[in-house]
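S.K.: Task: produce atomic coordinates for the following.
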Amino acid sequence: MPSSILAFVWLVPALPLAGFVLNGALALLRPASKRAVSVIGVGVLAAAFALAVAVVFELARLHPEAPLVFHYWPWLPVGPLRIDYALQLDPLSGVMLLVVTGISALIHLYSVGYMQDDPGYARYFAELNLFVFFMLTLVLGASFPVMFVGWEGVGLCSYLLIGFWFNEKINADAGFKAFIVNRIGDFGFLVAMLLIFRHTGSLDFTDVFARAPTAFTAGDRTITAITLLLFLGCTGKSAQIPLYTWLPDAMQGPTPVSALIHAATMVTAGVYLVARCAVLFALSPVASAVVAGVGALTALFAATIGLKQWDIKKVLAYSTISQLGYMFLGVGSGAYAAGIFHLTTHAFFKALLFLGAGSVIHAMHRAYHATHSHEDAQDMRNMGGLKAHLPWTCGLMWIATLAIAGVPPLSGFFSKDEILGAAFARGAAQPAWYVFWGLGLVAALCTAFYMTRLMLYTFHGPNRTGDAERAQLHEGPWVMTGPLLVLGVLTTLGGVVNLPPLLGGGERLEHWLEPVTEGAARLAPVLSPAPGIEGLLIGVAVAVALAGLVGAWRLLDLERLVPARLAPPERGLGRLLWKKYYIDELYAALIVRPVVWMSREVLWRLVDQRLVDEVGVNGAARVSRALGWVGSQLQTGELGFYVMLFVAGVVVVLGAAVR
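M.R.: Reported below is the predicted structural model:
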């Protein structure tokens, strides 16, 4: 294929943007044209994926040492600041290009069946196309500002899609919460950009990363502040402690949206940012330790909450938060390739899990139509025995469950093991990393347990849907099952892209990413466990995964589980986990309610109403009215009175002049 194909990389984001424009027009003019909407919505993503494959294959053939930057037009020429709208193609953006377009295309195809009866069908596909456009802008941007356009764009689209069914307040509030929480992290990103420009004189990636080793002193306060501020942005987008609370609430959106957010867009942005800025983080050991520590703590924290959730999508939401923690543990440990490897495999099995859950919910909604609420259709206590009715979904979700649990030879095993091995290797020089490794290992045990719990309560044991509802349970149409099959194959075989030498592989993904990560590796070399230790670590990781799986099988009593309406209230530790450690309530008490009170009672009632309105606006009006009244009293219409005033004025002027 000719190298000129690389010049068409701009078409990859342009195609979903065109889909947004066309479907947006149809949403306004002909919302009932579902066939046209489907062809456009899915077609632009399929074309974008095909073009992305061609572009990445050509990039692999050329294998340039430096990033390929395509400048299109000047965007921000302000004094010394010169920002072009430019896209950058290198091995890292190439991986993200394939993940985003490939997974998104499958989710768009699945949505044709899932959303078929929704009255907002055209609007849904327009917003979904726009979401992918902004994510592609984020991963292809050649500078921090261009990336930030995509960064803010996915935030906007998450607000639109999480609150897609905005007629229900709980859905609108969930979208609003995601938008506000992400603004906190975005503030850190903005301040970091200002500091980067001040110290390097540029915001283009190639210039910043080339100048960073001389512009910053390794370990000093400036580079530490910059990287911690960047990571603050990551905690918002990628739902890490303390800004993770929006992601579970984001489950109020359509299930394919949840799959898109969790697998291919938005939440992966933070991991991508750290990997993209590897040189900056390598210059700050403190920031790298914070990234790894927060990731490990989040992985365990979210995994424990997942142990006691009943909403099938909430379990998967906390699973995503936990798995993102693993990714940050990897990139924080300097194993940037391992973090991106887990990002890739996670895209496969998490998309499969969410879309599989969508098939379950689709069947439950159909069975519970007009007799139960939406929440009933997502509560695992109302399911059970669905294996007989949804055998394909059950089998494929079991593959994804074993993958996320870390069972070989499925993809999740290889990427998770590589991250834990990198953390353990860092422990020899910095013992804190042994703690991080231990947290990750316990999180893996919890992951295997709660995912097996999800599968057992959903697909096995006695059916709890009810006799009348049971007759309506069956698999979705092929347009929903087909993407599950593709994701099942990717989940099974995806680990081969970065097999370690110990298992007969050549770490192809790691070598592919070397042009991006070698600068950071020179500053902070990546550590790997010794071959003997590596085998032992693999054995421990597999044993932990199997312990979680077997433990769930042995400890959970499927026969005693009753439907949600008959379930006794949670108590003790179970209630603490079910209530998510009361973190939302704590935030509401310490932050939300005080801010609302300050906004309403001080800023609105005192400052706005009393000071601005009463004293400022109304006070000025009263003074003007009073002065006008005084002036009106001087206008009597009597000539003698005017002559008297004139004489008095002359006397005053003359008196002043004589002095």
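S.K.: Can you pull the poorly scored residue ranges out of the stretch 101-250 of the chain?
M.R.: For the stretch 101-250 of the chain, no stretch has pLDDT under 70.
S.K.: Would you mind measuring from residue 402 to residue 615?
M.R.: Per Cβ to Cβ, to the nearest Å, residue 402 is found 68 Å from residue 615. From N, CA and C alone the C-beta is placed, and that goes for glycine too.
S.K.: Same check on residue 296?
M.R.: Distance, residue 296 to residue 615, using Cβ to Cβ: 54 Å.
S.K.: who has more neighbours, residue 402 and residue 615?
M.R.: Between residue 402 and residue 615, residue 402 has the larger neighbour count (other Cβ atoms under 10 Å), namely 24 against 12.
S.K.: That one is in what secondary structure piece?
M.R.: Assessed by DSSP states H and E, residue 402 sits inside helix 391-405.
S.K.: ok, now residue 239?
M.R.: Residue 239 belongs to no helix or strand, assigned by DSSP H and E.
S.K.: Based on its surroundings, how many neighbours for the nearest residue to it once chain neighbours are set aside?
M.R.: In this structure, residue 239 finds its nearest non-sequential neighbour in residue 247, 4.0 Å apart by Cβ to Cβ, 6 or more residues apart in numbering. Residue 247 has 28 neighbouring residues, counting by other Cβ under 10 Å.
S.K.: Return stretch 182-194 as PDB; C-alpha atoms alone will do.
M.R.: Extracted C-alpha coordinates of stretch 182-194, given in PDB (Å, rounded to 0.1, in the frame of the first residue of the first chain):
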ATOM      1  CA  ASN A 182     -14.600  15.900  35.400                       C
ATOM      2  CA  ARG A 183     -14.300  19.700  35.500                       C
ATOM      3  CA  ILE A 184     -12.300  19.400  38.700                       C
ATOM      4  CA  GLY A 185      -9.700  17.200  37.000                       C
ATOM      5  CA  ASP A 186      -9.700  19.300  33.900                       C
ATOM      6  CA  PHE A 187      -8.700  22.300  36.000                       C
ATOM      7  CA  GLY A 188      -5.500  20.400  36.900                       C
ATOM      8  CA  PHE A 189      -4.800  19.700  33.200                       C
ATOM      9  CA  LEU A 190      -5.200  23.400  32.300                       C
ATOM     10  CA  VAL A 191      -2.800  24.600  35.000                       C
ATOM     11  CA  ALA A 192      -0.300  21.900  34.000                       C
ATOM     12  CA  MET A 193      -0.400  23.100  30.400                       C
ATOM     13  CA  LEU A 194       0.400  26.700  31.500                       C
END
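S.K.: Counting neighbours, show which residues of it come out buried.
M.R.: By neighbour count with 16 or more other Cβ atoms under 10 Å, stretch 182-194 contains the buried residues 182, 185, 186, 188, 189, 191, 192, 193.
S.K.: Can you identify each of the strands in the stretch 451-600 of the chain by residue range?
M.R.: Counting by DSSP state E, counting those that start in this stretch, no segments of the stretch 451-600 of the chain form strands.
S.K.: Same question for the chain.
M.R.: 68-78, 81-89 (DSSP state E).
S.K.: Please convert the ones you listed to CSV, extending it with mean pLDDT and distance to residue 26.
M.R.: Supplementary listing: the strands of the chain in CSV, determined by pLDDT from 0 to 100; distance: least, Cβ to Cβ, whole Å:
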stretch, mean pLDDT, distance to residue 26
strand 68-78, 91, 28
strand 81-89, 92, 28
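S.K.: burial measure for residue 33, as a count.
M.R.: Residue 33 has 16 nearby residues by other Cβ under 10 Å.
S.K.: again, but for the one 3 residues further on
M.R.: Summarising burial for residue 36: neighbours were counted as other Cβ under 10 Å, giving 14.
S.K.: pretty sure it is touching residue 27, no?
M.R.: No - using Cβ atoms under 8 Å as the test, residue 36 is too far from residue 27 to be in contact (11.1 Å).
S.K.: low pLDDT regions in this structure?
M.R.: 1-3, 369-375, 502-505, 659.
S.K.: which residues sit in contact with the most centrally placed residue in it?
M.R.: Central residue of the chain (Cα atoms, centre = their mean): residue 267, 2.0 Å from the mean position. Neighbour list for residue 267: 237, 238, 239, 247, 261, 320, 324 [criterion: Cβ atoms under 8 Å, 6 or more residues apart in numbering].
S.K.: okay, those residues in CSV with distance to residue 303 next?
M.R.: Shown next, in CSV, are the contacts of residue 267 (distance: Cβ to Cβ, whole Å):
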residue, distance to residue 303
237, 20
238, 16
239, 14
247, 14
261, 19
320, 11
324, 12
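S.K.: And those, which of them are buried?
M.R.: Buried subset of the contacts of residue 267 (neighbour count, 16+ other Cβ under 10 Å): 237, 238, 239, 247, 261, 320, 324.
S.K.: Which members of those residues are the farthest-apart pair?
M.R.: With Cβ to Cβ as the measure, no two of these lie farther apart than 237 and 320, at 12.5 Å.
S.K.: about what we covered before: just give me the closest of the buried ones among the contacts of residue 267 to residue 453.
M.R.: Of all those, residue 453 sits closest to residue 320, with 16.6 Å by Cβ to Cβ.
S.K.: which residues does that closest one contact?
M.R.: Residue 320 touches 239, 247, 262, 267, 350, counting by Cβ under 8 Å, 6+ apart.
S.K.: how does it look with 10 Å?
M.R.: For residue 320, the contact set (Cβ atoms under 10 Å, 6 or more residues apart in numbering) comprises 238-239, 244, 247-248, 250, 258, 261-263, 267-268, 302, 306, 346, 350, 353-354, 404.
S.K.: Next step: those residues restricted to helices.
M.R.: Among the contacts of residue 320, the residues falling in helices (DSSP state H) are 247-248, 258, 261-263, 302, 306, 346, 350, 353-354, 404.
S.K.: now those: which count as buried?
M.R.: Applying 16+ other Cβ under 10 Å to these flags 247-248, 258, 261-263, 302, 306, 346, 350, 353-354, 404 as buried.
S.K.: For the nearest residue to residue 512 once chain neighbours are set aside, give me its contacts.
M.R.: Excluding its sequence neighbours, the residue lying closest to residue 512 (Cβ to Cβ, 6+ apart) is residue 91, at 5.0 Å. Counting by Cβ under 10 Å, 6+ apart, residue 91 makes contact with 56, 59-60, 63-64, 67, 337, 340, 509, 511-517.
S.K.: Could you tell me which residues touch both of residue 237 and residue 320?
M.R.: 267, 268.
S.K.: Output the strands of the chain as JSON lines; include the columns distance to residue 51 and mean neighbour count.
M.R.: Putting these into JSON lines (distance: least, Cβ to Cβ, whole Å; neighbours: other Cβ atoms under 10 Å) gives the following:
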{"stretch": "strand 68-78", "distance to residue 51": "14", "mean neighbour count": "13"}
{"stretch": "strand 81-89", "distance to residue 51": "12", "mean neighbour count": "19"}
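S.K.: With distance to residue 611 added, can I get those in JSON lines?
M.R.: Output for the strands of the chain, formatted as JSON lines (distance: least, Cβ to Cβ, whole Å):
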{"stretch": "strand 68-78", "distance to residue 611": "36"}
{"stretch": "strand 81-89", "distance to residue 611": "38"}
